[in-house]
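Enquirer: what follows is a protein structure lacking sequence information:
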């Protein structure tokens, strides 16, 4: 069961709960609510694990890009060494190596930026989902504790109410 589905079920339970007369309390099936909270606790580590996987993927992509860049640079340097024996081509080879190196570094930078953007987008999505989850949990807990967002608007005692005409 997904986190939002669990939260929706908790909200439905709270909205459909029978009110206790003359109190802010409500009667809910404790076992059902506790089961849903347990399911929610079970889902949260999975979401956190997904974030860890995303971060690990980023590192793997960057490591792979760095490894490829190093192989390309090493190959370019090997080619330079071969061509150094040929005096007429030394300057051309060095220029090609620098161009290749610049291209590789630019590609590595581009890949790093794309990876960072991807990871940031995934983490932002996860952050929004977790924020919604936490807000829903807080609302559920407040409802379970008999608190309601409109309670703050109610007068402290009946003397503050307008007189009936």
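Expert: It's in. Being a predicted model, the structure only gives us computed values, none of them experimental.

Enquirer: now do stretch 123-132: everything it contacts.
Expert: 3, 4, 7, 44, 47, 50, 51, 54 (Cβ atoms under 8 Å, 6 or more residues apart in numbering). Quick note: C-beta positions are derived from backbone N, CA and C, even for glycine.

Enquirer: now the two most distant members of the residues you listed.
Expert: Comparing every pair within the contacts of stretch 123-132 by Cβ to Cβ identifies 7 and 54 as the most remote, at 22.5 Å.

Enquirer: and the two? which has more neighbours close in?
Expert: Counted by other Cβ atoms under 10 Å, residue 7 and residue 54 do not tie: residue 7 has more neighbours, with 21 against 17.

Enquirer: what comes up buried for the host helix or strand of that one?
Expert: Using DSSP states H and E, residue 7 sits within helix 3-16. Residues of helix 3-16 classed as buried under the neighbour-count rule (16 or more other Cβ atoms under 10 Å) are 3, 6, 7, 9, 10, 13, 14.

Enquirer: which helices and strands does the next helix-or-strand element following that helix pack with?
Expert: Per DSSP H and E, helix 3-16 leads on to strand 18-19 as the next helix or strand towards the C-terminus. In this structure, strand 18-19 packs against strand 26-27, with contacts taken as 3 or more Cβ pairs under 8 Å, 6 or more residues apart in numbering; DSSP states H and E.

Enquirer: what separation do you get for the most centrally placed residue in the chain and residue 4?
Expert: Computing the C-alpha centroid of the chain and ranking residues by Cα atoms, centre = their mean puts residue 126 first, at 2.4 Å. When distances are taken as Cβ to Cβ, to the nearest Å, residue 126 and residue 4 turn out to be 13 Å apart.

Enquirer: what's the answer for residue 84, then?
Expert: With Cβ to Cβ as the criterion, residue 84 and residue 4 are 64 Å apart.

Enquirer: then residue 39?
Expert: Remark: distance between residue 39 and residue 4 (Cβ to Cβ) = 12 Å.

Enquirer: residue 23 sits in which helix or strand?
Expert: Assessed by DSSP H and E, residue 23 sits outside every helix and strand.

Enquirer: give the burial count for it, as a bare number.
Expert: The tally of other residues near residue 23 (other Cβ under 10 Å) stands at 8.
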